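>>> output the structure for:
(chains A and B)
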Amino acid sequence: SAVISQKPSRDICQRGTSLTIQCQVDSQVTMMFWYRQQPGQSLTLIATANQGSEATYESGFVIDKFPISRPNLTFSTLTVSNMSPEDSSIYLCSVKRDRGPYEQYFGPGTRLTVT
Amino acid sequence: QKEVEQDPGPLSVPEGAIVSLNCTYSNSAFQYFMWYRQYSRKGPELLMYTYSSGNKEDGRFTAQVDKSSKYISLFIRDSQPSDSATYLCAMSGRAQKLVFGQGTRLTINP
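Reported below is the predicted structural model:
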């Protein structure tokens, strides 16, 4: 498995501000993913962040709203920009190991509330 | 129609019962199948991973994949109160992007 940490674990933010979420992995991985889990809902993929290339965003998610950085093989950030109450969600990063079976491991999540 | 369908429950069973959780899917390109367990206010924890069709057993947990029917199952034997959580099925094709079911909220009653 992989040990993944996220910061902050939770935050309450005001409308119109931005929050940057950090994701740290205990080993080097090429593929990292960012998901959103809205209250009472399942997980929806926001984007795939591979080291050395631009992040790939899913339909409905745009770089201006969710800019992502991937400076190295163990770290990534997701910024939620110009927040509105609809952005209140849990944001999770996950990783897939470069070798071996296809399995994704998740961080503990960042619980964001926008007021 | 969603790509992955999962009965959200809630499902409540007595301790010791056998639990059956299921998902159906529509995309025949899916070949990687996973079950995650998510406790309240925690991230999803990978329980079982299966590639293509067949069965896989790990302790009290058994995962089954029937690609011909586009149907996957997770069985929990001798269920314990600590198994109370939301269970999410997830699957992927070669694109390696996971598609999740809605999750089933399970409660095991002592």
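>>> output the contacting helices and strands for the worst-scoring helix or strand of chain A on mean pLDDT.
In chain A, the helix or strand scored least confidently by mean pLDDT, DSSP states H and E is strand A:104-106, which has a mean of 91. Applying 3 or more CB pairs under 8 Å, 6 or more residues apart in numbering or on different chains; DSSP states H and E, one finds that strand A:104-106 contacts strand A:89-96, strand B:45-51. (Each C-beta comes from the backbone N, C-alpha and C, glycine too.)
>>> for the chain, what spans make up the strands?
With no chain named, the answer covers chain A. A:4-7, A:10-13, A:19-25, A:31-37, A:43-50, A:56-57, A:68-72, A:75-80, A:89-96, A:104-106, A:110-114 (DSSP state E).
>>> that's the wrong chain, I meant chain B
Remark: strands assigned in chain B by DSSP E are B:4-6, B:11-14, B:19-25, B:32-38, B:45-51, B:54-58, B:61-66, B:71-76, B:85-92, B:99-100, B:104-109.
>>> pLDDT weak spots in chain A?
The model of chain A has pLDDT under 70 over residues A:100-101.
>>> centroid-nearest residue for it?
In chain A, the residue lying closest to the centroid (CA atoms, centre = their mean) is residue A:34, at 3.2 Å.
>>> touching, that one and residue A:68? I think so.
Yes - here residue A:34 reaches residue A:68: they are 6.5 Å apart, a contact under CB atoms under 8 Å.
>>> hey, what's in contact with both of the two?
Common contacts of residue A:34 and residue A:68, defined by CB atoms under 8 Å, 6 or more residues apart in numbering or on different chains, comprise A:47, A:49, A:76, A:78.
>>> please name the residues that touch the second one.
Spelled out, that is residue A:49. By CB under 8 Å, 6+ apart, the residues touching residue A:49 are A:31-34, A:55, A:68-70, A:76.
>>> tell me which two of the residues you listed sit farthest apart.
A:31 and A:69 (15.3 Å; CB to CB).
>>> these two: which is more packed in?
Per other CB atoms under 10 Å in any protein chain shown, whichever of residue A:31 and residue A:69 has more neighbours is residue A:31, with 17 against 14.
>>> show me the beta-bridge partners of the more buried one.
Assessed by DSSP bridges, residue A:31 has beta-bridge partners residue A:50, residue A:96.
>>> residue contacts, residue A:77?
Counted by CB under 8 Å, 6+ apart, residue A:77 has contacts A:20-23, A:68-69.
>>> same thing but 7 Å
Applying CB atoms under 7 Å, 6 or more residues apart in numbering or on different chains, we find residue A:77 in contact with A:20-22, A:68-69.
>>> can you lay out these as TSV showing distance to residue A:61?
Shown next, in TSV, are those (distance: CB to CB, whole Å):
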residue	distance to residue A:61
A:20	16
A:21	14
A:22	19
A:68	10
A:69	16
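>>> just the buried residues out of these, in ChimeraX syntax.
Entered in ChimeraX, the line below selects the buried ones among the contacts of residue A:77, by 16 or more other CB atoms under 10 Å in any protein chain shown:
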select /A:21,22,68
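>>> tell me which of the contacts of residue A:77 is nearest to chain B?
Among those, residue A:21 lies closest to chain B (CB to the nearest CB), at 12.8 Å.
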